[in-house]
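Visitor: Next input, structure requested:
(chains A and B)
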Amino acid sequence: MIKITFPDGAVREYQEGITSMEVAKSISEGLAKRIIAASVNGEVWDASRPIYNDSTLKLLSWNDAEGKSTFWHSTAHLMAEAVESLFPGVKFWVGPPVENGFYYDMDLGGRHISEEDLRKLEVKMAELAKQNNVYTRKEISKADAVKYFTEKGDEYKLDLLQGLKDGEITFYTQGNFTDLCRGPHIPNTGFIKAVKLTNIAGAYWKGDEKNKQLTRLYGVSFPSQKELDEYLALLEEAKKRDHRKLGKELGIFTMDDDVGPGLPLWMPNGTIIIEELERLAKETEQAAGYHRVVTPHIAKESMYITSGHLPYYQDSMYPPIELEGVKYYLKAMNCPHHHKIYAAEPRSYRDLPLRLAEYGTCYRYEQSGELFGLMRVRCLHMNDAHIYCNKEQFASEFKAVNEMYIKYFKIFGIDKYVMRLSLHEPSKLGQKYINEPELWLETEQMVRRVLKETGTPFVEVPDEGAFYGPKIDVQIWSTIGREFTLATNQVDFAQGRRFKLEFTNKENHPETPLIIHRAPLGTHERFIGFLLEHYAGKFPTWLAPLQVKILPISDKFLPYAQTLLESLKKADIRVAVDDRNEKIGKKIRDTETAKVPYMLVVGEKEVNENKVAVRRQGKGDLGTKDVEEFINEIKKEIKNRES
RNA sequence: GCCGUUGUAGCUCAGUGGUAGAGCACUUCCUUGGUAAGGAAGAGGUCGUGAGUUCAAUUCUCAUCAACGGCUCCA
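Guide: Next comes the predicted model:
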């Protein structure tokens, strides 16, 4: 007999070799029907795999994250089976579960797959699923595994096998499809009741663009049609929040073929948001001891040679403009310009920390396939600043920058983000990263310490550093699930020396300052793109392009509306009158969909009493108020940047 | 940059080898209406761009540009 410990601490005895499925059945048949895998001693196993030792056991259903990934992983195998049956001779690479579904990479041998084929595959998958084929696990020797895939002619699987040790190789078979796979899998294909193949994409083999591009099929599956329908409805909802759609609807920005890809034009409404953000940044930075500077949009090639950017980033810069034999580049970053301001005067330790801030305009020639609405553009306005300090000041300066993030995030109610400590990859020193192995380790340790001291939760990610040092990135996700760095806080131990920046220390010796690059509000483009989705277009009053709309019941009350308009304008409130010949219901509807925070309905009653009937977007009628009272309240709301 | 898909009115989308249609938005008129769509009329498109096939192309083919979904990249 063996002892099985359950998550609630209960311990039960079972026959040696019992499977998780049998354990589930011993509890209840209903439970057993929902079990698709099991976590045995923290490792996810097939529900049909026998347990021989005392173990902790967590039965996994669709509702567990591990259950879902197992379910999707198994669906990937099912899809592969369907592909093989419809398109014989296809070679497979890997087919893992992902956040929302699964994919499988395959070499179609020059064949093309169309949307129509996806529908055919779905039908085939449904047919195969109904056969309730069992996913069978089989341990196999490396020699036999190699033999199997050699006969099948699948060089990709053979490549995978190369990295595996004999004795740890398993095959899984369901129906007519056998795959090299460590598992685990759901009990049988019958659990898969609804499948949607979502898209066809190219994906480089092993993620390397020098390698051959395989075809990747994405899909998602569910234990019931209802759940698939709900998922699709959720996707539809997410699309409504898409900043590209909202940005157009709300007149925030536009793109034009003649201007060029990735070069957004900010419309009046978007410009108001930009100005409010800059106002916030200026107030905050002034209070934190920053000095504002302004620098040109271009610079000579020599400066980027000095900075060291050219070898690393030339590909991402617009090609140079050549004048009288001198090459000029559009700036892709503000740091070198700021360094030159630092270098313009002799600096003493008494001047440090020196903090130079600029909402700098940068141009980056992003790859055409990477452009994405406002989130990834070729012209960007960065909430940039560079802090020059000595080693003793570094920790407190770095900490202050992190605190500034948090302060901003509170204002915007941003709580879904991940702080990422981005480190270097030692094997890429001298290529992607400046070749200073010791300085890398030292500064990385310094940053890690600050994060720990401040109790900031973070994840460490190798190979994401800047070429000149480690950084803290704030990662966010767009409404359609793409990940972006919203804000960044970087250490730079390289450029100070490259630019021969110095200060005279207390001992009267020249010393090179450390540099912190920081952009807590990221760029206007990405930040506003993010805010559009974050607020679903319903900006808080302080950011809303139009804050108040006056809605007269009929044009008899237009004169009163005009008087109101003037009073509100005098109070610096962004306001307009709906003077269209429409009924009040229509005016309200249009203003609601335009997401204007406040509506002031005025008719006979309000005119007689010098009042306004206040309606809040999304909340409805708030009742009537004195004009003065309303103005004071909204002014307070705006001043406090209430969300 | 690579793989795949798409491109028709301001927006959302039908449609056709014989130079185009709906709803919303817009303009005008009627209506002066109290908290999410009042009625009528009208205007608006070289069907992304270029070339080819054809008597004839928005429709078929090719190229190109752009957007979208991924991959790679992301200071």
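
Visitor: quick one: the helices in the stretch 351-500 of chain A?
Guide: Assignment of helices within the stretch 351-500 of chain A using DSSP state H, counting those that start in this stretch yields the ranges A:391-412, A:437-453, A:495-498.

Visitor: need the contact list for A:T443.
Guide: For A:T443, the contacting residues are A:G469, A:P470, A:V491, A:F493, taking C-beta atoms under 8 Å, 6 or more residues apart in numbering as the criterion. Quick note: C-beta positions are derived from backbone N, CA and C, even for glycine.

Visitor: how close does it get to A:S427?
Guide: With the distance defined as C-beta to C-beta, to the nearest Å, A:T443 ends up 18 Å from A:S427.

Visitor: before we move on, what about A:E276?
Guide: For A:E276 relative to A:S427 (C-beta to C-beta), the value is 45 Å.

Visitor: Apart from its neighbours in sequence, what residue is nearest the one residue in the stretch 201-350 of chain A that gets nearest to RNA strand B?
Guide: Of all residues in the stretch 201-350 of chain A, A:S316 sits closest to RNA strand B, with a separation of 1.9 Å (C-beta to the nearest atom of the strand). Closest residue to A:S316 apart from its sequence neighbours, by C-beta to C-beta, 6 or more residues apart in numbering: A:R364 at 5.2 Å.

Visitor: so what's the one you found up against?
Guide: A:S316, A:M317, A:A332, A:R378, A:L380.

Visitor: From those residues, which land in strands?
Guide: Counting by DSSP state E, the members of the contacts of A:R364 that fall within strands are A:L380.

Visitor: Helix or strand next in line after the least confident helix or strand in chain A by mean pLDDT, which one?
Guide: Considering only helices and strands, the least confidently modelled element of chain A by mean pLDDT, DSSP states H and E is helix A:309-313, at a mean of 83. Counting by DSSP states H and E, the element after helix A:309-313 in chain order, helix or strand, is strand A:321-323.

Visitor: quick one, domains of chain A?
Guide: Domains of chain A are assigned by automatic domain parsing as A:2-61, A:66-238, A:256-534, A:548-639.

Visitor: pLDDT score for A:L232?
Guide: Reading off the per-residue confidence, A:L232 sits at a pLDDT of 85.

Visitor: That one is in contact with A:T198, isn't it?
Guide: No - proximity of A:L232 to A:T198 does not meet the contact threshold set by C-beta atoms under 8 Å, at 9.8 Å.

Visitor: Just want the phi and psi numbers for A:R182.
Guide: Backbone geometry at A:R182, expressed as degrees, to the nearest 10, gives phi -90, psi -10.

Visitor: In contact with it, which residues?
Guide: A:R182 is in contact with A:E168, A:T170, counting by C-beta under 8 Å, 6+ apart.

Visitor: Okay, it and A:P426: tell me how far apart.
Guide: For A:R182 relative to A:P426 (C-beta to C-beta), the value is 29 Å.

Visitor: ditto for A:W205
Guide: A:W205 sits 25 Å away from A:P426, going by C-beta to C-beta.

Visitor: number of nearby residues for A:S48?
Guide: Taking other C-beta atoms under 10 Å as the neighbour definition, A:S48 ends up with a count of 20.

Visitor: go on, A:T198?
Guide: By the criterion of other C-beta under 10 Å, A:T198 has 15 neighbours.

Visitor: Where does the prediction get shaky in the stretch 351-500 of chain A?
Guide: Counting by pLDDT under 70, the stretch 351-500 of chain A has no low-confidence residues at all.

Visitor: May I see the buried residues of stretch A:399-419?
Guide: Of the residues in stretch A:399-419, A:A400, A:V401, A:N402, A:M404, A:Y405, A:Y408, A:F409, A:I411, A:F412, A:I414, A:Y417, A:M419 count as buried by neighbour count, 16 or more other C-beta atoms under 10 Å.

Visitor: OK, contacts around the second one?
Guide: Translated: A:V401. So A:V401 contacts A:I387, A:N489, A:I516, A:R518, A:P520 (C-beta under 8 Å, 6+ apart).

Visitor: Sort out for me which of those residues are in strands.
Guide: Secondary structure defined by DSSP E assigns A:I387, A:N489, A:I516, A:R518 of the contacts of A:V401 to strands.

Visitor: A:M419 contacts A:V459, doesn't it?
Guide: Yes - counting by C-beta under 8 Å, A:M419 sits close enough to A:V459 to count as a contact (7.3 Å).

Visitor: Just checking the helix or strand hosting A:L158 against RNA strand B, any contact.
Guide: The secondary structure element spanning A:L158 is helix A:155-162 (assigned by DSSP H and E). No - with C-beta under 7 Å from any atom of the strand as the measure, helix A:155-162 is seen stopping short of RNA strand B, the closest distance being 14.8 Å.

Visitor: for the stretch 201-350 of chain A, what spans make up the strands?
Guide: Counting by DSSP state E, counting those that start in this stretch, the stretch 201-350 of chain A forms strands over residues A:213-222, A:253-254, A:265-266, A:291-292, A:298-300, A:321-323, A:326-330, given from the N-terminal end onward.

Visitor: And the contacts of the fourth one?
Guide: So the one you mean is strand A:291-292. Strand A:291-292 is contacted from outside by A:K282, A:E285, A:L354, A:R355, A:L356, A:A357, A:E358, using C-beta under 8 Å, 6+ apart.

Visitor: Check the first one too.
Guide: With contact meaning C-beta under 8 Å, 6+ apart, strand A:213-222 is reached by A:71-72, A:75-76, A:78-79, A:83, A:93, A:98, A:100-108, A:113, A:118, A:121, A:192-205, A:228, A:231.

Visitor: cool, and stretch A:600-612?
Guide: With C-beta under 8 Å, 6+ apart, stretch A:600-612 has contacts from A:548-554, A:556-557, A:560-561, A:564, A:584, A:588, A:613-615, A:624-627, A:630.

Visitor: in stretch A:5-25, what's buried?
Guide: Using 16+ other C-beta under 10 Å as the test for burial, stretch A:5-25 gives A:Y14, A:I18, A:T19, A:S20, A:M21, A:E22, A:V23, A:A24, A:K25.

Visitor: What separation is there between the fourth one and A:D64?
Guide: When you say that, I think you mean A:S20. Plainly put, A:S20 is 13 Å away from A:D64 if you go by C-beta to C-beta.

Visitor: ok so, going back, if we only consider the buried residues of stretch A:399-419, which is nearest to RNA strand B?
Guide: Nearest member of the buried residues of stretch A:399-419 to RNA strand B, counting by C-beta to the nearest atom of the strand, is A:V401, at 14.3 Å.

Visitor: and A:G308, how many neighbours?
Guide: Around A:G308 there are 18 other residues, counting by other C-beta under 10 Å.

Visitor: surely it meets A:I434?
Guide: Yes - taking contacts as C-beta under 8 Å, A:G308 lies within contact range of A:I434: 6.7 Å.

Visitor: overlap in contacts of those two?
Guide: By the contact definition C-beta under 8 Å, 6+ apart, A:G308 and A:I434 are jointly contacted by A:F467, A:Y468, A:A494.

Visitor: if we can go back for a sec, quick one: mark the members of the contacts of strand A:213-222 that sit in helices.
Guide: By the criterion of DSSP state H, membership of those in helices covers A:F71, A:W72, A:T75, A:A76, A:L78, A:M79, A:V83, A:L118, A:L121, A:L228, A:Y231.

Visitor: The contacts of A:R364: which two are farthest apart?
Guide: Maximum pairwise distance in these, criterion C-beta to C-beta, is 13.1 Å, between A:M317 and A:L380.

Visitor: can you list the residues of the stretch 101-250 of chain A near RNA strand B?
Guide: Within the stretch 101-250 of chain A, the positions adjacent to RNA strand B are A:112, A:114-115, A:198-204, A:207-209, A:213, A:215-216, A:218, A:244-245, A:248 by C-beta under 7 Å from any atom of the strand.
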